[in-house]
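Novice: how would this look folded up:
(chains A and B)
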There are 2 protein chains.
Amino acid sequence: MYTLYDIYARYIDCLNAQDWSRLGDFVSDDVVHNGRRLRLGGYQDMLVKDFEQIPDLHFEVALVICEGLHLAARLHFDVCPRGEFMGLEVNGRRVSFTENVFYRFADDKIVEVWSVIDKAAIEAQLRSQ
Amino acid sequence: MYTLYDIYARYIDCLNAQDWSRLGDFVSDDVVHNGRRLRLGGYQDMLVKDFEQIPDLHFEVALVICEGLHLAARLHFDVCPRGEFMGLEVNGRRVSFTENVFYRFADDKIVEVWSVIDKAAIEAQLRSQ
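Specialist: Just a heads-up that it's a prediction; the model follows:
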């Protein structure tokens, strides 16, 4: 029996390894992301696109808390998106930002994600460069 | 002995009532918000300014999870900021958005806050209006 912490750590390892063959071990076929029923295929497509936009993408967990079937994480990114990212012309500049994200699990897999990325922090960095 | 849930519910009630005389019951004198040591006075100033910008501001808790001395909440807002909000010319239009926020407690008070507001969601609504 794995705890949600264990499962989440392995999920993050899977993302950082871009090992999409294992994504279905952690993410439900019916996963919903920010209100959109992406299903596993659409979720994988989203992640593949993220890595295309951000070749050095790396998920770093700064804080994680669990209760029941919910897990909340604060993720940290220090990356160089190569073109436009979140509608901003980043064009290869290095930006640091966070994502505060909630997950709901069922049968040891992620079934729902509510994610917010700190776009305002990215804008502030681009303005000051 | 109150649980963090109880304390948090009373904190949210305090914000919605704009009862700043009670803010110190829930927020530490040394509170840090997104890396800035605002202290209680600066934290109150931030909230007062929020209510000036958004006269119908109301904090609605959509999801809350607790573990140890940490609490994570997904807050929902459905409001009409009267001028500029997060650098966007909202000018009284109604916008719905969420905030994913983590809190660390000590001695039953909030000592650190890590907040991310979904600015991209607000921009999308303004574009479609």
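
Novice: so residue A:106 sits right up against residue A:69, yeah?
Specialist: Yes: with contact defined as Cβ atoms under 8 Å, residue A:106 counts as touching residue A:69 (6.7 Å). Bear in mind the C-beta positions are built from the backbone N, C-alpha and C, glycine included.

Novice: and those two? Which one has more around it.
Specialist: residue A:69 (15 against 11; other Cβ atoms under 10 Å in any protein chain shown).

Novice: distance of that one relative to residue B:109?
Specialist: In this view, residue A:69 and residue B:109 are 28 Å apart by Cβ to Cβ, to the nearest Å.

Novice: name the residues of the longest helix seen in chain A that are buried.
Specialist: Counting residues, the longest helix found in chain A (DSSP state H) is helix A:39-53. For helix A:39-53, a neighbour-count test (16 or more other Cβ atoms under 10 Å in any protein chain shown) marks A:39, A:40, A:43, A:44, A:47, A:50, A:53 as buried.

Novice: for chain A, which strand is longest?
Specialist: strand A:95-106 (DSSP state E).

Novice: helices or strands up against it?
Specialist: Applying 3 or more Cβ pairs under 8 Å, 6 or more residues apart in numbering or on different chains; DSSP states H and E, we find strand A:95-106 packed against helix A:4-16, strand A:70-79, strand A:109-117, helix A:119-127, strand B:70-79, strand B:95-106, strand B:109-117.

Novice: that one pairs with which strands, parallel or anti?
Specialist: Strand A:95-106 pairs in its sheet with strand A:70-79 (antiparallel), strand A:109-117 (antiparallel), by DSSP bridges.
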